[in-house]
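Enquirer: structure, please.
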Amino acid sequence: MTFVLWRVFYNVVIVPLLWIAFRTIGLVDKKAARGIRGREKLFEQLQHNLARLDPKRKRVWFHSSSMGEFEQAKPIIAELKQRHGEVQIIVSFFSPSGYEHSQTYKLADVITYIPFDSAAQAKKFVQVIQPAAAVIVRYDIWPNHLWALRRAHIPTFIANATLRENTARKLPVLKQFHRALYNTLDYILTVSNEDKNVFQSFGLTNPCIEVIGDTRYDQVWKRSTESKLRQVLDPKILTGKQVLVVGSSWQEDEERLLPACFRLFKEHSEFLVLLVPHEPTLDTLERIEGEVNGHFPSIRFSNLHQYHDEKLILIDSVGILMVLYQYAHIAYVGGSFRSGVHNVLEPAAYGVPILIGPDYANSQEAEELVRESAAFVGTTEDELHHTLKLFLESEQDRIQAGKRAFTLVSRNVGATKRFLSYLEKVL
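Expert: Model (predicted):
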């Protein structure tokens, strides 16, 4: 199909189906319903916020699907503001969680939802914000918005671009559609050579495709440096202890990890666990306490003023996981007995060996840490117990694995500056 035919097909067939799906999901899913409500007065609120800005100053639009992707945009925005303080930053999200949790972000001049991807709304959105450049973080590409940017001759980038060799986008018909779509971009700046090769396999003729690395390394490096200045635990609690920090755990993680920890509590009196549930709701906290307290006493972080050498500290506060990793001798990162592992770079930046479960293919950095023998996979209670026991009893093995993790992070820092070398060409 030609470019025009793909646009017609998308708008006549796909957009109505997406709209029906969007509204239907909103009837049963609270998160989706928040997204629908948040878009009801999108343009009215957007124009009100833009009216406060100087229209003569250049604007750069950054779009992220959710908060995780936005973390990858933050180092770019910070460096851009430092170099070009006059540039205005427009930030958009698809997800309600990203939009809601970013409201206190000070470097953005305007924060908004991206409108539904109809041709009319996409055109209006681009006309209203009038960006000098558009940056899409990682993968959240909406065709009508790309086409509106192209018609307006606005340079468009993908930052931290990544695409697996076995992506469904390479299937017949889908490949032709995505070739037409990617050809509307100006720059596809990838995480790795493998990603670059996959994008090139679409036979693209327009975008500049180059490897710049992953800005997540810059962000986690910056956050780890800042977190070391914060202390949230009394040093007396940590004296003589060997600490496992469990980050973003789900019930599936805890079902395997906690029994391994119970065995280690008996074997190593100095072993201490700081457990940070992914969703620290009251139900979750009470469930974990029910599982733990029949074996060993635990205490909540909010009650640490009453600490009496409990073996497990259950973190019932949000936003301090990165700070807690500085106390870790070993880290376990959750999610990989569920839908995919969470952020493994945070403990790696502290030079801590990392344990994960079997489902980590969603994370390129987890795969690399495993290849470097800096992260270790446990699929059963026994395997997790074995690896934890090794690092508790062999300081040399633990330190060497941590060094490999730290080295991986430190050698990948610098993607932000490489990305800006391309963005600054069009500003």
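Enquirer: my guess is Glu71 contacts Arg216. True?
Expert: Yes. Contact criterion C-beta atoms under 8 Å: Glu71 and Arg216 qualify, at 6.8 Å. C-betas here are computed from N, CA, C, even on glycine.
Enquirer: who has more neighbours, these two?
Expert: Using other C-beta atoms under 10 Å, the more surrounded residue of Glu71 and Arg216 is Arg216, with 25 against 18.
Enquirer: how about that one: what's its closest non-neighbour residue?
Expert: Once flanking residues are discounted, Arg216 sits nearest to Gln72: 5.2 Å by C-beta to C-beta, 6 or more residues apart in numbering.
Enquirer: can I get the CA coordinates of the one helix or strand the one you found maps to in CSV?
Expert: Assigned by DSSP states H and E, Gln72 belongs to helix 67-83. Output in CSV follows, covering the C-alpha atoms of helix 67-83 (Å, rounded to 0.1, in the frame of the first residue of the first chain):
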residue,chain,number,x,y,z
MET,A,67,6.2,7.0,34.4
GLY,A,68,8.8,4.3,33.6
GLU,A,69,9.4,5.8,30.1
PHE,A,70,9.3,9.3,31.5
GLU,A,71,12.2,8.4,33.8
GLN,A,72,14.2,7.9,30.6
ALA,A,73,13.3,11.4,29.4
LYS,A,74,14.2,13.2,32.6
PRO,A,75,18.0,13.2,32.1
ILE,A,76,17.5,14.6,28.6
ILE,A,77,15.2,17.3,29.8
ALA,A,78,17.5,18.3,32.7
GLU,A,79,20.5,18.6,30.4
LEU,A,80,18.5,20.4,27.8
LYS,A,81,17.3,22.9,30.4
GLN,A,82,20.8,23.4,31.7
ARG,A,83,22.2,24.1,28.2
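Enquirer: mind listing what's buried along the next helix-or-strand element following it?
Expert: Note on helix 67-83: by DSSP H and E, the next helix or strand toward the C-terminus is strand 88-93. Within strand 88-93, the residues that qualify as buried are Gln88, Ile89, Ile90, Val91, Ser92, Phe93, counting by 16 or more other C-beta atoms under 10 Å.
Enquirer: from these, which is closest to Thr24?
Expert: For the buried residues of strand 88-93, the residue nearest Thr24 by C-beta to C-beta is Phe93; the value is 21.2 Å.
Enquirer: can I assume that closest one is in contact with Ala108?
Expert: No. Judged on C-beta under 8 Å, Phe93 makes no contact with Ala108 at a distance of 10.7 Å.
Enquirer: what do these two both touch?
Expert: Shared contacts of Phe93 and Ala108 (C-beta atoms under 8 Å, 6 or more residues apart in numbering): Ser102.
Enquirer: helices and strands of this protein: which one has the lowest mean pLDDT?
Expert: Every helix and strand of the chain was ranked by mean pLDDT, DSSP states H and E. The lowest is helix 3-9, at a mean of 85.
Enquirer: now do the buried residues in that one.
Expert: Under 16+ other C-beta under 10 Å, the buried positions of helix 3-9 are Trp6, Arg7.
Enquirer: and Pro172, what element?
Expert: For Pro172, there is no helix or strand it lies in under DSSP H and E.
Enquirer: can you point out the buried residues in the helix holding Gln72?
Expert: Buried residues in helix 67-83 (16+ other C-beta under 10 Å): 68-81.
Enquirer: what's the closest of those to Arg169?
Expert: Glu69 (17.9 Å).
Enquirer: hmm, that closest one is touching Arg138, no?
Expert: Yes. With contact defined as C-beta under 8 Å, Glu69 and Arg138 form a contacting pair (5.0 Å).
Enquirer: nearest residue to Phe301 in space, please, no chain neighbours.
Expert: Ile315 (4.7 Å).
Enquirer: how much space between that neighbour and Leu264?
Expert: Here Ile315 is placed at a distance of 19 Å from Leu264 (C-beta to C-beta, to the nearest Å).
Enquirer: kindly report the same for Val91.
Expert: Distance from Val91 to Leu264, by C-beta to C-beta: 44 Å.
Enquirer: ok, now Ala21?
Expert: Taken as C-beta to C-beta, the span from Ala21 to Leu264 is 47 Å.
Enquirer: of those two, who's got more company?
Expert: More crowded of Ala21 and Leu264, by other C-beta under 10 Å: Leu264, with 19 against 11.
Enquirer: show me what contacts the more buried one?
Expert: Phe271, His385, Leu388, Lys389, Leu392 are the contacts of Leu264 under C-beta under 8 Å, 6+ apart.
Enquirer: greatest separation within these: which pair is it?
Expert: Going by C-beta to C-beta, the pair spanning those furthest: Phe271 and His385, at 11.5 Å.
Enquirer: for Ile188, give its distance to Tyr307.
Expert: 51 Å.
Enquirer: neighbour count: these two, which is higher?
Expert: Ile188 (24 against 14).
Enquirer: now the residue nearest the centre of the chain: how far from Phe93?
Expert: Nearest residue to the geometric centre of the chain (C-alpha atoms, centre = their mean): Gly68, 2.6 Å. Distance, Gly68 to Phe93, using C-beta to C-beta: 11 Å.
Enquirer: and the gap between Thr190 and Phe262?
Expert: Thr190 is 44 Å from Phe262, by C-beta to C-beta.
Enquirer: likewise Lys81?
Expert: Distance from Lys81 to Phe262, by C-beta to C-beta: 49 Å.
Enquirer: where exactly do the strands run in the stretch 201-350 of the chain?
Expert: Here the stretch 201-350 of the chain has its strands, by DSSP state E, counting those that start in this stretch, at 208-211, 242-249, 271-277, 298-300, 312-314, 330-333.
Enquirer: export those to CSV and tack on distance to Trp61, mean pLDDT and mean neighbour count?
Expert: Listed next are the strands of the stretch 201-350 of the chain as CSV, based on distance: least, C-beta to C-beta, whole Å; pLDDT from 0 to 100; neighbours: other C-beta atoms under 10 Å:
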stretch, distance to Trp61, mean pLDDT, mean neighbour count
strand 208-211, 19, 97, 16
strand 242-249, 30, 97, 24
strand 271-277, 34, 97, 24
strand 298-300, 42, 96, 18
strand 312-314, 41, 97, 24
strand 330-333, 32, 98, 28
